[in-house]
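**Student:** Below is the sequence, then the predicted model.
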Amino acid sequence: MILDLHLHTILGSSDSSLKIEDAAEKLIDRGLDGACLTEHSSIWEKDKKLIEDVFSYYKLKIFRCIEISTNYGHVVAIGFNKYLPGSHDIDLLKQFAKENNAFLISAHPARRLFGKEKFQHNLLYKGQEYIPDINEFSSNYLFDQVDGVEVLNGGNNIEENRFAFLAATMNNKVMTAGSDAHSESGVGTFATKFDYETDQLDDIVLQLQSNKVTPVYKSENRWIPVNENYFTIDSI
């Protein structure tokens, strides 16, 4: 089972232009089995039946997740049934995850470390005038508090994704991937392969906790597991 593990739609995210029908059709086009709708700061509820009906019509799996803005960057939380006040504090969020058997994934932790903006908006190194080496980056407190790291994010450049991959490797974290799409063009950029099929969120959490998942990218119409060699491919 292959899911886009980080997807935003206009029904649950104020900064998305992606309609739920277009998301479903694009997932089919990309050869995916479904998605985790990972909306900002809330679990989608208002349009729950509409979303489930659309995905059911296309025979796609759909899971309700949440992306939380914390004091250590954005964290994808899988397993909560609502937003818990105080979750912006990474220590409290970790406590809530333990109490609710939820799984925490650092989303795009290296975003904007490189390129013209440098540290202007990176959430871990605000205001610093240098780029940390991979040893400093991978030692950030963030990686002690999360269970997994998003090593392929459709909104990141390859260097940002490489740093996330290396940090996950050095911290022995579960690796995931998702498009982080807010429009139709980004859907299914990257995905996460699960060892077995399920339509239960508890099974998604269990497979993540057991590291029965693999981040994948598409090449020549095939989903391929990522490894360190991916980040040296000039054509990406």
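**Tutor:** Alright, I've got the coordinates.
**Student:** how far is the biggest strand by length in the chain from where the chain is centred?
**Tutor:** The longest strand of the chain (DSSP state E) is strand 61-70. Centroid separation for strand 61-70 versus its chain: 9 Å, with CA atoms, centre = their mean, to the nearest Å.
**Student:** Also stretch 143-153?
**Tutor:** 9 Å.
**Student:** First-to-last residue distance for it?
**Tutor:** This stretch, stretch 143-153, spans 17 Å end to end (CA to CA, to the nearest Å).
**Student:** still on that earlier bit, tell me the buried residues in the longest strand of the chain?
**Tutor:** Across strand 61-70, burial judged by 16 or more other CB atoms under 10 Å covers Lys61, Ile62, Phe63, Arg64, Cys65, Ile66, Glu67, Ile68, Thr70. Just so you know, the C-beta spots here come from the backbone N, C-alpha and C atoms, and that holds for glycine as well.
**Student:** Now do the same for the third one: its pLDDT.
**Tutor:** To tie it back to what came earlier, the one meant is Phe63. Model confidence at Phe63, given as pLDDT, is 94.
**Student:** Just the C-alphas of the strand or helix carrying Met175, formatted as CSV.
**Tutor:** Met175 is located in strand 174-178, with elements delineated by DSSP states H and E. Presented in CSV, the C-alpha positions along strand 174-178 are these (Å, rounded to 0.1, in the frame of the first residue of the first chain):
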residue,chain,number,x,y,z
VAL,A,174,11.6,6.0,11.0
MET,A,175,11.6,7.6,7.5
THR,A,176,8.5,8.8,5.7
ALA,A,177,7.7,10.8,2.5
GLY,A,178,4.8,12.9,1.2
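**Student:** quick one, strands of the protein?
**Tutor:** Counting by DSSP E, one finds strands in the chain at the ranges 2-7, 34-40, 61-70, 73-78, 103-106, 148-153, 174-178, 190-194, 213-219, 222-225.
**Student:** Which of those strands sits closest to Lys94?
**Tutor:** Proximity to Lys94 (CB to CB) singles out strand 103-106 among those, at 6.8 Å.
**Student:** starting at the chain centroid, how far to the closest one?
**Tutor:** With CA atoms, centre = their mean, you get 8 Å for strand 103-106.
**Student:** just stretch 102-116 next, same as before
**Tutor:** With CA atoms, centre = their mean, you get 9 Å for stretch 102-116.
**Student:** Only the buried residues of that stretch, if you could.
**Tutor:** Neighbour-count burial for stretch 102-116 flags 102-114 (criterion: 16+ other CB under 10 Å).
**Student:** what does stretch 92-101 give?
**Tutor:** Leu93, Lys94, Phe96, Ala97.
**Student:** And the average pLDDT for the longest helix belonging to the chain is what?
**Tutor:** Ranked by residue count under DSSP state H, the longest helix found in the chain is helix 158-170. Helix 158-170 shows a mean pLDDT of 96.
**Student:** Next, the residues that contact that helix from outside, please.
**Tutor:** Here helix 158-170 makes contact (CB atoms under 8 Å, 6 or more residues apart in numbering) with 106, 108-114, 134-135, 137-138, 140, 143, 148-153, 156, 173-175, 226, 228, 231, 236.
**Student:** Pull out the buried residues from the residues you listed.
**Tutor:** By neighbour count, with 16+ other CB under 10 Å, the contacts of helix 158-170 hold 106, 108-114, 137-138, 140, 143, 148-153, 156, 173-175, 226, 231 as buried.
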